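*Asks:* return a 3D structure for these sequence lines:
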Amino acid sequence: MNMMLEQFKTIFDRPERVKKLREVILDLAVRGKLVEQDPNDEPASVLSERIREEKERLVWEKKFKKENPLVEIGEEEKPYELPKGWQWIRLGDYCIINPRNSVDDNEDASFVPMRLINDGFDNKHSYEIKKWKEIKSGFTHFAEKDVVVAKITPCFENRKSAVMKNLINKVGAGTTELYVIRSINNLILPEYILSLCKTETFIKGGLETYTGTAGQQRVKKDYIHNLVVALPPLEEQKRIVEKVDSLMFFCDKLEESLEKKVHYGLLSAKSVFNSIGNVTTTEELEETLRFILSNFKDLSLGANAVKELKNCILQLAVQGKLVPQDPSDEPAEVILEKIRDEKERLIKEKKLKKEKALAEISEDENPYELQKGWKWAHINEIAFVTKLAGFEYTKYLSNGITYEGDVPIVRAQNIKMNNFIENTQEFISFDLSEKLSRSALYKKCIVITFIGAGIGEVAIFDKVNRYHLAPNVAKIEIFNNFSVNVDEKYALYYLMSSIGRKDIFRFLKATAQPSLSMETIRKVRVALPPLQEQKRIVEKVDSLIQLCDELEKKIEKSKDYSNRLMESILKSSSKTTKRDK
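*Replies:* Numbers count the residues shown, from 1 in each chain. Here you go, the predicted structure:
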């Protein structure tokens, strides 16, 4: 526990971590490691004898039916050495499980359905008021200070359990999906029993006894009866309950504080990200980005925060706000004219089929106003888009795939955002690839998944060796046949940006298996800057993405360290081996 406190800020940096802290507190509590022992306390052996005498008296008074004693606890069932003055007991021997109440039919009573019992580590429930005759049959009975524990999934693993308090006329009933544990004369404090029932050990043990079909599983009744628990002296139970209550209150405040930190951190990050769109100079932008990168951990604890920052950078890039413009740069209109000339030449040489020209992009269609020298263009105007036809795959490729060969094939799983993953398991022959040359990959291009998992994800193909498209992946070959007109990486970054992806998914076919056709990919609009500015944008994005990647690694390294530190502390705090006296 001391080590945990020393490393507190490192370990408990996120709200979800507080659950682990609660688990450790309860585990230490029921093992006698949370509070000091007092040698003057009446030992648990005397306490257990008092409980047995009280139970026999209740049987003699016919308030409780006599039960056969449970099997004696074996040494293999004792997971660790108990503190001095403690004793191992079976819960069913020293408590009454699922008791019945005797109440006048017209008495008011508390009705507690499962939904009115809180999940988690607190000890809260509410109730409805009903006449006893309405709820005495077909429901589970309980009374003031009884412990109730859910026995069905997922309520059991969610720790839906509580000590019944402030009941109308001190009695109540609830769903049959509850186990009730009644302490005899409160000689085992109900709050201590509840702590036992909220430990991770108790939950895991109960899950192992689950019976029933999926979605309707429940803990076996004999699990509660036969449960082996560590019984402390009564005075120590009181100290444990008081300490657990104070620490759980501390956990509540810690959780609340961390949730606020995350909430306001996310708001702050969102505010900063939004402010980027309002910058007027590149110097102001650089300053804002430096601020974000240096204060990132304080701005946001969100899992996707680095991804959001990358998206922000890409959006600025394709809007012409990331690097300065140079009025001497050759405008994009000239680039498009060069590409048109090249396409005409390829058509004349019968290396390219003439296609129907798409309608010019009107000002009303423009997603935003472009920088001077920029131009809107369809993908079809700057690139050749194609895929492997379905009949080609069926007729040639499906029977031609081998585990060894000349040309690796490229499937959807080989394309992740900005990441081309080589296929080292499936190949076709070089001859077959040449026969289907239209769908071969042999020069730098963009590949895009157009159907199935990862639809719309893009990456650069720039391998020296030949590859070949399989179904689900198309290629976008920029028209750089005679001179460089468009930087492939700029086009990639545009398609990766939120603006580009919105345009891609504008044409998504909403069928059972969503897809993009080649025609719709060709219609995607691209904001095209002058070539020199494209290069400056790519260089700047590359450097900023690298910073983001480094930041992501640092965050992951910090989380990994925090996780390993917590696991180490949990292991040392919750050993299942017997400890030295």
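
*Asks:* alpha carbons only for contacts and neighbour counts from here, please
*Replies:* Noted.

*Asks:* chain center to stretch 157-171: distance?
*Replies:* 32 Å (C-alpha atoms, centre = their mean, to the nearest Å).

*Asks:* list the buried residues of that stretch.
*Replies:* Buried residues in stretch 157-171, counted by 16 or more other C-alpha atoms under 10 Å: 157-165, 167-168, 171.

*Asks:* return the member of the residues you listed nearest to Glu42.
*Replies:* Val163 (25.1 Å; C-alpha to C-alpha).

*Asks:* any idea how far the closest one is from Glu330?
*Replies:* Distance, Val163 to Glu330, by C-alpha to C-alpha, to the nearest Å: 78 Å.

*Asks:* same check, this time on Leu441
*Replies:* Taken as C-alpha to C-alpha, the span from Leu441 to Glu330 is 31 Å.

*Asks:* neighbour-wise, which of the two wins?
*Replies:* Leu441 (26 against 16; other C-alpha atoms under 10 Å).

*Asks:* which SS class is Arg22?
*Replies:* helix (DSSP: H, G, I helix; E, B strand; the rest coil).

*Asks:* confirm for me that it is in contact with Met248.
*Replies:* Yes - here Arg22 reaches Met248: they are 6.9 Å apart, a contact under C-alpha atoms under 8 Å.

*Asks:* intersection of neighbour lists for the two?
*Replies:* Phe121 (C-alpha atoms under 8 Å, 6 or more residues apart in numbering).

*Asks:* more neighbours, these two?
*Replies:* Using other C-alpha under 10 Å, the more surrounded residue of Arg22 and Met248 is Arg22, with 21 against 18.

*Asks:* pLDDT score for that one?
*Replies:* On the pLDDT scale, Arg22 is placed at 89.

*Asks:* surely Thr386 forms part of a strand?
*Replies:* Yes - under three-state DSSP, Thr386 falls within a strand.

*Asks:* surely it touches Ile478?
*Replies:* No - under the criterion of C-alpha under 8 Å, Thr386 is not in contact with Ile478, lying 11.8 Å apart.

*Asks:* which stretches in the stretch 201-350 of the chain count as helices?
*Replies:* Taking DSSP state H, counting those that start in this stretch as the criterion, the stretch 201-350 of the chain contains helices spanning 221-226, 234-276, 282-294, 296-299, 305-318, 332-348.

*Asks:* hey, least reliable of these by pLDDT?
*Replies:* helix 296-299 (a mean of 58).

*Asks:* hmm, back to that, need the buried residues of stretch 157-171 in JSON lines (columns: pLDDT).
*Replies:* Formatted as JSON lines, the buried residues of stretch 157-171 follow (pLDDT from 0 to 100):
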{"residue": "Glu157", "pLDDT": "93"}
{"residue": "Asn158", "pLDDT": "94"}
{"residue": "Arg159", "pLDDT": "95"}
{"residue": "Lys160", "pLDDT": "96"}
{"residue": "Ser161", "pLDDT": "96"}
{"residue": "Ala162", "pLDDT": "97"}
{"residue": "Val163", "pLDDT": "97"}
{"residue": "Met164", "pLDDT": "97"}
{"residue": "Lys165", "pLDDT": "96"}
{"residue": "Leu167", "pLDDT": "96"}
{"residue": "Ile168", "pLDDT": "95"}
{"residue": "Val171", "pLDDT": "95"}
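
*Asks:* and the two most separated of these?
*Replies:* Glu157 and Ile168 (28.7 Å).

*Asks:* quick check: the closest residue to Glu422 other than its chain neighbours vs Arg501, distance?
*Replies:* Ranked by C-alpha to C-alpha, 6 or more residues apart in numbering and with sequence neighbours excluded, the top spatial neighbour of Glu422 is Asn414, at 6.3 Å. Per C-alpha to C-alpha, Asn414 is found 19 Å from Arg501.
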